[in-house]
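Undergrad: sequence plus predicted model, see below.
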Amino acid sequence: MLDAAADLLVRWGYQRVTVEDVARHAGIGKGTVYLHFRTKDALFLTVLLRSHHHVVARMADRMAADPAEVLPSRMTASVYRDLADDAVVRPLYLGDPEVLGRLAHEAAETLGELGGKRDVASRRLFGLLRDAGALRTDLPIEEQEYVLRAVATGFLFVDSLSTPEVPVDRDRRAELIAHSIAAAIEEPGAAAQAGAVAPQAVAMFRELAADMDAEWRRRVRR
């Protein structure tokens, strides 16, 4: 059901999709959808929550496999690849009105608390990296976070324009993101300090992923 809703959300946009469309696409009756979700909004907000959870869970897994993934440059480049491949969560990060319609506002409110937890985890990670000597200290943490968001969002926005200047290869675009962020806020040789920070970072983001998982599952009526 959620997979069907996600597929139609991307293909048609929230405004055009009906609960009947989702039921037909999933091969079930409309009543079955309403058995689990009270409204269309509840269904699609759950779709977005589940996709957001997948992004954070993969982030934690990468950190566990390779400590250098805790660095803002590597972490952002990897998330960029996720968003390039995930047509559901990408419009959520961009606030794309064509796909999300009025759901964009609902999603922002619904994800507010979880987004706050994500921001706390990010701020704590930046602090740990600065203490370890992996990040520069010539800017406050909040300004370094702003730089990171501005670079990542800027790349996603330019991608959405489909201009001839955009490099075709997704991985090359990810490398450019990593290069830009590393040059802006990281110390040379930052990867050598990442190992000391990785265990705490993995624990933080796995806790956040667990909270997101619990939230989207809570919204499905059994």
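TA: Arrived safely, thanks for sending. From a predicted model like this one, the values you see are computed outputs, not experimental measurements.

Undergrad: buried by neighbour count: which residues of the lowest-mean-pLDDT helix or strand in the chain qualify?
TA: One helix or strand of the chain scores below all others by mean pLDDT, DSSP states H and E: helix 103-110, with a mean of 72. By neighbour count with 16 or more other CB atoms under 10 Å, helix 103-110 contains the buried residues 103-104, 106-107, 110. In short, each C-beta sits where N, CA and C put it, glycine included.

Undergrad: ok, the residues you listed vs Arg124, which is closest?
TA: Distances from Arg124 to these, taken as CB to CB, are shortest for Thr110 (23.5 Å).

Undergrad: how about a markdown table for the buried residues of helix 103-110, with distance to Pro91 added?
TA: Formatted as a markdown table, these follow (distance: CB to CB, whole Å):
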| residue | distance to Pro91 |
| --- | --- |
| Leu103 | 10 |
| Ala104 | 8 |
| Glu106 | 13 |
| Ala107 | 10 |
| Thr110 | 15 |
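
Undergrad: now, which of those sits nearest Leu71?
TA: Leu71 lies nearest to Ala107 out of the buried residues of helix 103-110, by CB to CB, at 28.6 Å.

Undergrad: surely the closest one meets Pro91?
TA: No: look at Ala107 against Pro91 with CB atoms under 8 Å: they stay out of range, at 9.5 Å.

Undergrad: if we can go back for a sec, and the buried residues of helix 103-110, which two are furthest apart?
TA: Using CB to CB, the buried residues of helix 103-110 span at most 10.9 Å, a distance reached by Ala104 and Thr110.

Undergrad: hang on, the earlier thing: C-alpha coordinates for the least confident helix or strand of the chain, PDB please?
TA: What follows is helix 103-110, C-alpha atoms only, in PDB (Å, rounded to 0.1, in the frame of the first residue of the first chain):
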ATOM      1  CA  LEU A 103       1.100  18.300   1.700                       C
ATOM      2  CA  ALA A 104       4.400  20.200   1.800                       C
ATOM      3  CA  HIS A 105       3.000  22.300   4.700                       C
ATOM      4  CA  GLU A 106       1.600  19.300   6.500                       C
ATOM      5  CA  ALA A 107       4.900  17.400   6.100                       C
ATOM      6  CA  ALA A 108       6.900  20.300   7.500                       C
ATOM      7  CA  GLU A 109       4.600  20.400  10.600                       C
ATOM      8  CA  THR A 110       4.500  16.700  11.000                       C
END
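
Undergrad: which helix or strand lies directly C-terminal to that helix?
TA: As assigned by DSSP states H and E, the chain's next helix or strand after helix 103-110 is helix 112-131.

Undergrad: same for the helix or strand containing Arg206, what does it pack against?
TA: Arg206 is part of helix 191-218 when elements are defined by DSSP H and E. The helices and strands touching helix 191-218, judged by 3 or more CB pairs under 8 Å, 6 or more residues apart in numbering; DSSP states H and E, are helix 40-65, helix 112-131.

Undergrad: all set, thanks.
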